[in-house]
Each structure stands twice: as C-alpha cells, then as structure tokens.
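**Q** What follows is a predicted structure for the sequence shown.
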Amino acid sequence: MPWVMLDDVRLTVRRHRLLPDDARVLVAVSGGMDSMVLLHVLRKLWYRCEVLHIDHGLRGPESDADRRFVEEHCREQDFLCHVRAVDVRSLASQQGLSVQMAARELRYEALKEVAFETGIEHIALAHHRDDAIETFFLELMRGGTGTIPPRSGPFVRPLIGVGRSAIETYAMEEELVWREDASNADPKYLRNRVRHELLPLLENLSPGVRKVLGRSLDRSRTLQALATRELDAKLRGHQDALPLELIRQPDGALIVYRWLRPRGFHPDQIDKLVQAVDDERTGAVFSSGPHRVTVDRAALLLTTIGSGAPVEHIVEVDLLVPVDAPFTFERYGPKAVDLGEGPATAWLDEASLVYPLYIRPWRQGDRMRPIGLGGSKLISDMLIDAKVPGPEKERTFVLVSGDRIVWLAGHRVAEDAQVKSNSTSVLRVALREV
C-alpha cells in the first residue's frame, strides 16, 4: 500500500537526518521509474521540489524523448523544471574515462551547479536499497568494501532503505508513468549482471536475502564510519611516512589501506606491500600512478615520481584509468572490430584476459607470444627488429594480464589474446594521443 512506502521513506529521512521539514529539494529526474517514484513520494511528504533533468545525449532520439517526457510531466504537475545538456563522450575521450564514469561526473557537477544557482541546499537522488547492494558486490569484486551512503555532502537518498520491488509496487498502485532505459538490461555492464543474475540467484538460495543484506549494509556503514575515524586518527601526522610499528599492529593492514587506497594503489599491491613489511624486505618499491612507496628500515616512505618518469597503472573490469594513463579502454561487441586502425590500437578477446590488467613500461627479460610467430620472443628483440629508436624504447609500454604480456603497445598483440570467431566481448585498447 502507498502509505507503507511513505512511512519507510519518512523513517529513512528521520533516521539519517536527510531533510528538514518542508525543505526545498532539487530532485534529479531521469524519467525512469525510480526517479519518478522519488519525486512523487517527496511531494506526498510535503517537500518543496524542483526538478533537474540531465540530457546525456547518449541515446539519440531516446534522450530527446526522455527530456520531453520529464518536461511535460513537470508542466502537468506544476514542478519547476531545469534541464541541462552535457557532453559525455567528449569528457570520456579527453580524460580516458568510461562513458558511465564521465556521465556520473558531469551529472553530479550539473546538479551542484543548479543547486547553487537556485539556492537549494538538498539534492535528492533515487538510489535505493538494491542499488546499494549491487554497489557493495561490485566493490567486493574490485577489492573494496564500500556502498552507497544515505547522504554525501548535499546529496541525499531518501529511497535508500526501500527495495526495488517496493518501488515497482508503489509505481503501479499510484498509476505512475515512466520511461524505460534499455541499457539497464544490457549484460555488457557488470552491474546489470549483478542485478539480473547474481541477486536473483541469492534470492532463490535464501528468500528475503535483499532485506537481510540491506540491514547488514546499514550496520556496515556505521561500523565503517567508526573505523574510518579511528584509522584517520592513527594516520594524523603521517602524510608522507608511515612508521612500521603502526603497520605491525593488529589493524596494520587497514591502516595501510586507508593511507594508500585514496592515492590509487590497488588492494593487491597493498597486500603485497604489507607482506614485504612482514618479510622485512627493506628497499622494496611499489608504484601507482605518480606515487611510489619504499619500504625503509623504520617506515614506509611515500614519494612522488617525477613528471618525466614512466608510471604503472592498474585496470579493473570497469575499465577506469586516470587521465595520465598511456592507454584508453573501451568494451565492444565483436562486430565493432576494425583492424584497419593500425598498430596504435589493440583489439583483444576479453574472455582471455584476467583482471586486473597492468599497464607498465617494458622490462629487460620480458617475453610475449606475438601473433604469427608460433612461440615466444624477448620484447627487447622485438623492439630491435622494429627499429625503435632508443629514447622511444624507454617510453614503450606493455599491457599485462595475469603473468603474460598481451600487447606490446604500438607493435604486437599476443596470440592467445587476439579476437576469435567466437569472441563475445572485445576490448579496444588504444594509445592515448599526446
């Protein structure tokens, strides 16, 4: 019944102190079911709502139809409607981001801009309990433990305690109308596979598991907030040097994780670094982007690599890389393969790859099995055969999957990573233009 939804949202707002009574709220409305329910519920609870619809321009006529739908709904229901168009593909190309991450950055930026212009202090997003559960599993698969919080800065999520099924029921009972986004069912996105494959499997194994997981996430958020405050207190005053005595405490691995994860270090690297401390491997070095950590006699020393020095990057299944990474990554279906793009682009069979992938400069002793050779060959010999000048050799990178090199950038693809006739997902890796 509709009143159950209203009570659940009212409880979430009160418990997490999301909105004062009668607050002005800028509501992000895509036109999809979740955001249409959010807008409807907030009005029912007597909040003064204004709408912002962001046109990402990614789906051609469908994007235009979404915008018109939201504008018409706002006219009918007497909501003030703001519309912003953003250029997602341009930002993704310029900064080497995935389309999804570029869209997220531009969306949040637009929401904050409109909130500032209108003097609205609260921005409501339609994330719900199932979204938080999906994010939790995605983070686990990437080595993290995070999820979607009820509040982050000006952003509030009044539906965070409500499941997708309850939202669907409310939308049907209130006879709401919404727009469907076909990309929400596309299995090429890992989140959709978690949503449509993993969570139904868990529900089948343990009916009601979503509610249980949601309750567990509430406790996890509280515990994580407490742990973060404790870890930050221990890290105070240790910006560039972390004493080994701290790392040897029972929570030492968490201290290192809190210290280095915001700087882009992968959980695998952090585990190996802690192991190096346990093994007393003085002089061991670990790098991530522009940062380098050295195991010294009494502390871990954090330094910044010079701007001219090559750095290493780690690529997870979400394909996000920083702007200074030498490659860009995109995922396609097999029909998109265009071998005519030349040696600056590699088309790889994603099923043959093991995440995370590593981008690093080639090293003496590196070998690979290039297409057509029928065996392995030293990278150094391959560069000599290609008549690569000395200075350019030093700037040559390799892409590593597991323990094998799958691409000598700008030159050769590994035989066991090439696109096959039965490939279903293809990774396009391209040297970034400089």
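**A** Yes, it's here.

**Q** List the contacts of V9.
**A** Each residue near V9 by C-beta atoms under 8 Å, 6 or more residues apart in numbering is listed here: V41, L45, P158, L159, G161, V162. (Glycine included, C-beta is placed from N, CA and C.)

**Q** Please work out how many residues are found near the closest residue to D232 other than its chain neighbours.
**A** With sequence-adjacent residues excluded and distances taken as C-beta to C-beta, 6 or more residues apart in numbering, D232 is closest to R258, at 7.1 Å. Burial of R258 is recorded as 18 neighbouring residues (other C-beta atoms under 10 Å).

**Q** where's R258 relative to A298, distance?
**A** Going from R258 to A298 by C-beta to C-beta, to the nearest Å gives 20 Å.

**Q** S423 too?
**A** With C-beta to C-beta as the criterion, S423 and A298 are 51 Å apart.

**Q** who's more crowded, these two?
**A** Neighbours per residue, other C-beta under 10 Å: of S423 and A298, the larger number sits with S423, 18 against 10.

**Q** give me phi/psi at the residue nearest to the more buried one when sequence neighbours are not counted?
**A** Computed as C-beta to C-beta, 6+ apart, the closest residue to S423 that is not its neighbour in sequence is D349, at 4.5 Å. With angles defined as degrees, to the nearest 10, D349 sits at phi -70, psi 110.

**Q** wait, D349 sits on A417?
**A** Yes. Between D349 and A417 there is a contact at 6.1 Å, judged by C-beta atoms under 8 Å.

**Q** Among those two, which residue is more densely surrounded?
**A** Just comparing D349 and A417: by other C-beta under 10 Å the higher neighbour count belongs to A417, 25 against 20.

**Q** what about the residue nearest to that one when sequence neighbours are not counted, is that helix, strand or coil?
**A** Distances taken as C-beta to C-beta, 6+ apart place V406 nearest to A417, at 3.9 Å, with adjacent residues excluded. Taking DSSP: H, G, I helix; E, B strand; the rest coil as the rule, one finds V406 in the strand state.

**Q** What of E330?
**A** E330 carries the three-state label strand when classified by three-state DSSP.

**Q** per-residue confidence for the residue nearest to it when sequence neighbours are not counted?
**A** Distances taken as C-beta to C-beta, 6+ apart place R428 nearest to E330, at 4.7 Å, with adjacent residues excluded. Looking at R428, its pLDDT is 91.

**Q** which SSE is R428 in?
**A** In this structure, R428 is located in strand 426-431 according to DSSP states H and E.

**Q** Which strands border that strand, and is each parallel or antiparallel?
**A** If you go by DSSP bridges, strand 426-431 pairs up with strand 327-332 (antiparallel), strand 345-349 (antiparallel).

**Q** for those, which one sits closest to V315?
**A** strand 327-332 (6.2 Å; C-beta to C-beta).

**Q** Could you list the low-pLDDT ranges of this structure?
**A** Residue ranges of the chain with pLDDT under 70: 1, 93-98, 143, 183-185, 188, 289, 305-311, 322-324, 433-434.

**Q** measure V295 to C81 for me?
**A** Counting by C-beta to C-beta, the gap from V295 to C81 is 57 Å.

**Q** typo on my end, R75
**A** 8 Å.

**Q** If you count surrounding residues, which of those two has more?
**A** Higher neighbour count among R75 and C81: C81, with 17 against 10, using other C-beta under 10 Å.

**Q** For the strand or helix carrying that one, what is the distance to the chain centroid?
**A** In the assignment (DSSP H and E), C81 maps to strand 80-85. Centroid separation between strand 80-85 and its chain, computed with C-alpha atoms, centre = their mean, to the nearest Å, is 26 Å.

**Q** buried stuff in that strand?
**A** For strand 80-85, the neighbour count (16 or more other C-beta atoms under 10 Å) marks C81, H82, R84 as buried.

**Q** got JSON lines for these, with distance to K335 too?
**A** Compiled in JSON lines, the buried residues of strand 80-85 are given as follows (distance: C-beta to C-beta, whole Å):
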{"residue": "C81", "distance to K335": "39"}
{"residue": "H82", "distance to K335": "39"}
{"residue": "R84", "distance to K335": "33"}
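
**Q** Which of the residues you listed sits closest to P61?
**A** R84 (19.0 Å).

**Q** distance of the closest one from E139?
**A** R84 sits 29 Å away from E139, going by C-beta to C-beta.

**Q** Kindly report the same for P149.
**A** From P149 over to E139 (counting by C-beta to C-beta), the distance is 12 Å.

**Q** now swap in G264 and tell me
**A** Taken as C-beta to C-beta, the span from G264 to E139 is 16 Å.
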